[in-house]
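Undergrad: Test case, fold it:
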Amino acid sequence: MFLSTLEIQNIIERSFLPSVCTCNMEADQSLTIRVCDCMTGKVDMVATHVPLWTLDSPHAIASLVADMRQEIEVHKGVHPTFYI
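TA: Predicted coordinates:
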């Protein structure tokens with residue numbers, strides 16, 4: 001199954017709703033994916049150099065989204081600790 005770049009970007013962006021997700025194609029045929037909180041605008045995650053050629057099936061795209069969602073959840077509860 002072959003999906004166009006625009007279809008892949010659309011699937012990924014819609015998968016993160018209600019968060020704001022943008023996918024940009026880079027010169028090396030990889031994607032940069034940025035996910036931001038829709039209420040605060042805070043960047044939750046930026047994934048760079050995601051190889052487009054590995055996103056060749058719905059399963060591959062779903063796995064990428066699931067991995068990214070898991071990574072976002074792991075880091076949402078992390079607050080920096082400062083010692084004086």
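
Undergrad: Check which helices and strands the top strand by length along the chain is in contact with.
TA: Secondary structure of the chain read by DSSP state E shows that its longest strand is strand 43-51. Using 3 or more C-beta pairs under 8 Å, 6 or more residues apart in numbering; DSSP states H and E, the elements in contact with strand 43-51 are strand 30-36, helix 58-76. In short, each C-beta sits where N, CA and C put it, glycine included.

Undergrad: so the residue nearest the centre of the chain bridges to which residues?
TA: Nearest to the centroid of the C-alpha atoms of the chain, with distances taken as C-alpha atoms, centre = their mean, sits residue 33, at 4.4 Å. On the basis of DSSP bridges, residue 33 is bridged to residue 23, residue 47.

Undergrad: Find me the pLDDT at it, would you?
TA: Per-residue pLDDT puts residue 33 at 96.

Undergrad: Which residues are in contact with it?
TA: By C-beta atoms under 8 Å, 6 or more residues apart in numbering, the residues touching residue 33 are 12, 21-23, 45-47, 50, 68.

Undergrad: How much space separates it from residue 53?
TA: According to C-beta to C-beta, to the nearest Å, residue 33 stands 15 Å off from residue 53.

Undergrad: OK, contacts around residue 65?
TA: Residue 65 sits next to 12, 15-16 when contact means C-beta under 8 Å, 6+ apart.

Undergrad: and the helices and strands packed on strand 43-51, which one's lowest on average pLDDT?
TA: Among the helices and strands packed on strand 43-51, helix 58-76 carries the lowest mean pLDDT, a mean of 92.

Undergrad: Kindly calculate the angle that that helix makes with strand 30-36.
TA: Put simply, helix 58-76 runs at 40 degrees to strand 30-36, going by axes from the mean of the first three to the mean of the last three C-alpha atoms, to 10 degrees.

Undergrad: Buried residues in helix 58-76, which are they?
TA: 61, 64-65, 68-69 (16 or more other C-beta atoms under 10 Å).

Undergrad: re earlier: turn the helices and strands packed on strand 43-51 into a markdown table, columns for distance to residue 8.
TA: Output for the helices and strands packed on strand 43-51, formatted as a markdown table (distance: least, C-beta to C-beta, whole Å):
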| stretch | distance to residue 8 |
| --- | --- |
| strand 30-36 | 8 |
| helix 58-76 | 6 |
